[in-house]
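K.L.:
here you go, sequence then predicted model.
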Amino acid sequence: MRLLVFLLLLFTLAHLAVAQTSTIALTIEGIQNTNGKIQIGLYNQKSDFGSYDKVFIGVVATPLLNKITYTFKDIPDGTYAIATWHDTNDNKKIDKNYFGIPTEKYGFSLNKYGTFGPPDFEDVSFKIGNAENVKLTIRLK
């Protein structure tokens, strides 16, 4: 009997210790052609935001006309931001003109954009927790 009670207690504690995870269902709209790839970066650190090689999760998707969808699964509770762009020439960098203005379509979570450069992490970040399912739409600019 003690063994049974011990096992039930152990099972209950193990169940509580398992981290709850969430999903982020992302739709990217405003895709104008099927050239190249859609680059998507999910960031969980302010200091990493916008760095192609420092993403929490990076996704490369095949563009479809108008929109694509992607679901991030098993995302731990926390604060996140998404940056995405249509890498039309598939060179893994966002191309810019002489003045530093992007020549490829791009977007950020919450559809916020910076005035002179990319927005700050705080401006485009969102919190998830308690195994929720978040739906976001980003419109490429």
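P.N.:
Great, that's in hand.
K.L.:
in the protein, which spans are strands?
P.N.:
In the chain, the strands defined using DSSP state E lie at 21-31, 37-43, 57-61, 66-76, 78-87, 106-108, 126-128, 133-139.
K.L.:
mean pLDDT and mean neighbour count added to those, as a markdown table?
P.N.:
All C-beta atoms are positioned from the backbone trio N, CA, C, and that covers glycine. Shown next, in a markdown table, are these (pLDDT from 0 to 100; neighbours: other CB atoms under 10 Å):
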| stretch | mean pLDDT | mean neighbour count |
| --- | --- | --- |
| strand 21-31 | 96 | 17 |
| strand 37-43 | 97 | 21 |
| strand 57-61 | 97 | 15 |
| strand 66-76 | 96 | 14 |
| strand 78-87 | 97 | 22 |
| strand 106-108 | 97 | 21 |
| strand 126-128 | 95 | 14 |
| strand 133-139 | 96 | 15 |
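K.L.:
can I get these in CSV including distance to T115?
P.N.:
Compiled in CSV, the strands of the chain are given as follows (distance: least, CB to CB, whole Å):
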stretch, distance to T115
strand 21-31, 20
strand 37-43, 20
strand 57-61, 27
strand 66-76, 26
strand 78-87, 17
strand 106-108, 13
strand 126-128, 21
strand 133-139, 18
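K.L.:
now F49, nearest residue through space, not along the chain?
P.N.:
The shortest distance from F49 to any non-neighbouring residue, by CB to CB, 6 or more residues apart in numbering, is to F121 (4.2 Å).
K.L.:
burial count for that neighbour?
P.N.:
Using other CB atoms under 10 Å, F121 has 20 neighbouring residues.
K.L.:
among the strands of the chain, which is nearest N97?
P.N.:
Among the strands of the chain, strand 106-108 comes nearest to N97, with 13.4 Å by CB to CB.
K.L.:
now do the same contact list for the residue nearest the centre of the chain.
P.N.:
Against the mean C-alpha coordinate of the chain, by CA atoms, centre = their mean, the closest residue is L42 at 3.0 Å. The neighbourhood of L42, defined by CB atoms under 8 Å, 6 or more residues apart in numbering, consists of I24, V55, F56, I57, G58, V59, F72, I75, Y80, A81, I82.
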